[in-house]
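Asker: Test case, fold it:
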Amino acid sequence: MMRPIAVAYGRALRSQFSRRMLLLSVVPLLLSLALWGGLLYASMQPLLDWLHGVFLDYGWFQTSGSILRTLGLGFLNNVVVPLVAMLALLPLMIITSLLFIGVGAMPAIARHVSRVQFPQLERKEGGSFLGSLGVNVSGIVVFALLWIVTVPLYALAPLALVVQAVLWGWLTARVMSYDALSIHASLDERRAIVRAHRRQLLAIGTVSGLLGALPGIVWIGGALLSVVLFPVLAVLSIWLYLVIFIFTGLWFQYFCLQALADLRAGATLDKAAP
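Answerer: The predicted structure is shown next:
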């Protein structure tokens, strides 16, 4: 069970540090920076002012201070407004990064893995752009809603890390297994692979989710030390998300195409058997 995951991990790691894959993060990074640079410049201060007013109007400073002091984190009450703003923006940053990777990088990842490792694998085109878009959008909507619901868990950092990893595991397994198989697998083959390897796909997604928690920790942790670092850390976090997404895409691609090759090899043997 674990060996195919480990083999795919090793192949993805080698590919990740190739010049082609590193350059692949440039276009999504520029798109993300253009989007988030404009949004943060235009709306960050109004957002902070609005949140500050809400906290004053509803007495949330006293509530948050009481909760944080109970947890031994009373010092955070001075930065609770920018912290809430960061936690609200973080899932949006993840979503846009994932969309840009899906549109701008996954097709190139599929071509790279196919050419390097599976040049003889027949393409059956069981997926489509609209199908991928539907899977991405529906998964992202559910992910965003669950993220919002679980934001209070950040008061208990270890639990928040586990929850975030599980959310990432579900989202990446759903989105990237479709994209990884859409070109080469037929509809029936894709469904069979997802059904047979559901646990392995979720395991890959969950490990990737733990990696995906790192940019958020860097961003929020560093910004708590100095809110002035907010834009710089936001840029760094976006780039880290993109690199992790590319690695995750490679990992899923190697695993899924190997599973597809094995499925077809098994079908061929079944047909040849008397």
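Asker: residues near the closest residue in space to Arg198 that isn't next to it in sequence, how many?
Answerer: The shortest distance from Arg198 to any non-neighbouring residue, by Cβ to Cβ, 6 or more residues apart in numbering, is to Ala173 (7.9 Å). The C-beta positions use only the backbone N, C-alpha and C, and glycine is treated the same way. Ala173: 26 surrounding residues under other Cβ atoms under 10 Å.
Asker: Next SSE downstream of the host helix or strand of Ala173?
Answerer: Here Ala173 sits within helix 157-181, counting by DSSP states H and E. For helix 157-181, the following helix or strand on the C-terminal side (DSSP H and E) is helix 187-196.
Asker: In that next one, which residues are buried?
Answerer: Glu189, Arg190, Ala192, Ile193, Val194 (16 or more other Cβ atoms under 10 Å).
Asker: Check stretch 9-16 too.
Answerer: Within stretch 9-16, the residues scored as buried using 16+ other Cβ under 10 Å are Tyr9, Arg11, Ala12, Ser15, Gln16.
Asker: ok so, going back, which strands or helices does the helix holding Ala173 pack on?
Answerer: Here helix 157-181 touches helix 80-104, helix 106-117, helix 129-150, helix 187-196, helix 198-225, helix 230-272, going by 3 or more Cβ pairs under 8 Å, 6 or more residues apart in numbering; DSSP states H and E.
Asker: now the angle from the longest one to helix 157-181?
Answerer: I take that to be helix 230-272. Relative orientation of helix 230-272 versus helix 157-181 (axes from the mean of the first three to the mean of the last three Cα atoms, to 10 degrees): 50 degrees.
Asker: correct me, but Met106 touches Gly249?
Answerer: Yes: Met106 lies in contact with Gly249 (Cβ atoms under 8 Å); the separation is 5.6 Å.
Asker: Give the intersection of the neighbour lists for the two.
Answerer: Met176, Asp179, Ala180 (Cβ atoms under 8 Å, 6 or more residues apart in numbering).
Asker: now those in CSV, with distance to Phe245, pLDDT and neighbour count?
Answerer: CSV is the format used below for the shared contacts of Met106 and Gly249 (distance: Cβ to Cβ, whole Å; pLDDT from 0 to 100; neighbours: other Cβ atoms under 10 Å):
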residue, distance to Phe245, pLDDT, neighbour count
Met176, 9, 85, 31
Asp179, 11, 85, 24
Ala180, 13, 87, 29
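Asker: Is the closest residue to Ala203 other than its chain neighbours part of a helix or strand, or is it coil?
Answerer: The spatially closest residue to Ala203, leaving aside those adjacent along the chain, is Ile5, at 6.3 Å (Cβ to Cβ, 6+ apart). Here Ile5 is helix, with the state taken from DSSP: H, G, I helix; E, B strand; the rest coil.
Asker: low-scoring pLDDT stretches of the stretch 1-150 of the chain, where are they?
Answerer: 1, 71-77, 90-91, 94, 98, 102-104 (pLDDT under 70).
Asker: Any chance of the backbone angles for Phe17?
Answerer: phi -90, psi 10 (degrees, to the nearest 10).
Asker: Relative to Ser25, how far out is it?
Answerer: 12 Å (Cβ to Cβ, to the nearest Å).
Asker: Which one of those two is surrounded by more residues?
Answerer: For the pair Phe17 and Ser25, the greater number of neighbours falls to Ser25 (24 against 9), based on other Cβ under 10 Å.
Asker: Many thanks, we can stop here.
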